[in-house]
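K.L.:
I need the structure of the sequence given here:
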Amino acid sequence: MRSTLQFGRFNYPWRGDRVRARVMGILNVTPDSFSDGGQHQSLEFAISHAEQMILDGVDIIDVGGESSRPGAPPLPLEQELQRVMPVLYALRDIGPAISVDTYKPQVMREAIIAGVDMINDINGFRAPGAIDAVRDSDCGLCIMHMQSDPQHMQLAPSYTDVVAEVIAFLRERIATLTAAGIDPRRLCIDPGFGFGKTVEHNYALLKATGQLIAELNVPLLAGLSRKSMVGAVTGKPVEQRMAGSVGGALAAVAQGALIVRVHDVAETVDALKVWQAGFNLQR
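P.N.:
The predicted structure follows:
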């Protein structure tokens with residue numbers, strides 16, 4: 001039975017009573033991301049923010065150069081490389097695991113040369129050449145579900161059974177990657193909260209976290225930080241969704257999620273420490 005996620009320089013246990021959930025901090029080097037666009041565009045500010053996340057206890061830093069907010073247009077390859085590569089090279093020896101958030105095979109190749117530990121692909125490694133780009137590396141690979149594309153995904157999301165359909169998609173992608181020779185111990189999944197889903201779809205998937213893990217037999221990454229599903233429940237704008245986002249992260253971890261992708265690292269780390277201490281005491 002697979003019990004460890006092989007993650008570049010790191011190995012993360014994900015089965016057993018005392019598995020520790022990992023916090024992935026979001027580092028967007030974009031001018032237009034929905035929550036923090038433009039805040040960390042310069043290399044100096046990006047590195048400063050990464051250093052603060054490390055002080056706050058982050059396990060993984062996820063660097064993204066292209067906004068995937070609803071309605072976002074595609075970014076040319078060269079612009080994405082110009083945004084992310086200096087940051088990846090600057091961070092590779094800084095301490096925690098480094099992930100790159102991209103669906104472009106050439107960015108994947110360059111990021112692997114730079115020494116990243118994970119490729120986080122919103123497109124589930126479906127782009128021509130994506131699997132070839134990552135096959136011979138030791139990176140962890142996060143396979144995300146998205147209905148349609150960022151430009152159109154929130155226009156009219158529709159499913160007969162969202163949980164069953166997301167599981168079927170992820171099962172097919174896992175089978176495709178493993179058939180291509182990729183060690184299944186390198187794989188994790190992301191149900192894609194907010195990527196072609198209504199609020200109801202998102203919460204159905206959050207409630208099914210344990211089911212996704214059990215049926216697909218891979219660790220799960222949950223990324224719901226500051227998203228509209230949090231705002232729909234709390235009634236808060238993006239900048240006031242920290243508490244709701246931490247609550248969502250805990251809800252995912254309570255059902256077995258190994259990684260939570262967040263904007264608010266310090267608050268999430270503290271909440272998980274207290275939750276884990278109470279959980280272990282009860283056992």
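K.L.:
Correct me if wrong: residue 3 contacts residue 14.
P.N.:
Yes - with contacts counted by Cβ atoms under 8 Å, residue 3 reaches residue 14, the gap being 6.6 Å. To be clear about C-beta, it is placed using only N, CA and C from the backbone, and glycine gets the same treatment.
K.L.:
more crowded one of these two?
P.N.:
residue 14 (22 against 13; other Cβ atoms under 10 Å).
K.L.:
and the gap between that one and residue 213?
P.N.:
Distance of residue 14 to residue 213, computed by Cβ to Cβ, to the nearest Å: 9 Å.
K.L.:
which neighbours do those two share?
P.N.:
Common contacts of residue 14 and residue 213 (Cβ atoms under 8 Å, 6 or more residues apart in numbering): residue 219.
K.L.:
who touches stretch 233-241?
P.N.:
By Cβ under 8 Å, 6+ apart, stretch 233-241 touches 34-35, 199, 225-227, 230-231, 243-244.
K.L.:
Quick one: mean pLDDT for it?
P.N.:
Stretch 233-241 comes out with an average pLDDT of 95.
K.L.:
So which residues of this structure form helices?
P.N.:
In the chain, the helices defined using DSSP state H lie at 43-55, 77-91, 105-113, 130-134, 162-179, 199-207, 209-216, 228-234, 242-254, 265-282.
K.L.:
Which of those helices sits closest to residue 144?
P.N.:
Residue 144 lies closest to helix 162-179 among the helices of the chain, at 8.7 Å (Cβ to Cβ).
K.L.:
could you dump the closest one to CSV, C-alpha only?
P.N.:
Provided in CSV are the C-alpha atoms of helix 162-179 (Å, rounded to 0.1, in the frame of the first residue of the first chain):
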residue,chain,number,x,y,z
VAL,A,162,-19.9,16.3,-9.4
VAL,A,163,-18.2,13.9,-7.0
ALA,A,164,-18.5,10.9,-9.3
GLU,A,165,-17.4,12.9,-12.4
VAL,A,166,-14.3,14.4,-10.6
ILE,A,167,-13.3,11.0,-9.3
ALA,A,168,-13.6,9.6,-12.9
PHE,A,169,-11.5,12.3,-14.3
LEU,A,170,-8.8,12.0,-11.7
ARG,A,171,-8.8,8.2,-12.0
GLU,A,172,-8.3,8.5,-15.8
ARG,A,173,-5.4,11.0,-15.3
ILE,A,174,-3.7,8.8,-12.7
ALA,A,175,-4.0,5.8,-15.0
THR,A,176,-2.6,7.8,-17.9
LEU,A,177,0.4,9.1,-16.0
THR,A,178,1.2,5.7,-14.5
ALA,A,179,0.9,4.0,-17.9
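K.L.:
Could you name the helices and strands sitting against that helix?
P.N.:
strand 140-144, strand 187-190, helix 199-207, helix 209-216 (3 or more Cβ pairs under 8 Å, 6 or more residues apart in numbering; DSSP states H and E).
K.L.:
Can you tell me which of those is most buried?
P.N.:
strand 140-144 (a mean of 28; mean count of other Cβ atoms under 10 Å).
K.L.:
Just want the angle from that one to helix 105-113.
P.N.:
Computed by axes from the mean of the first three to the mean of the last three Cα atoms, to 10 degrees, the angle separating strand 140-144 from helix 105-113 equals 150 degrees.
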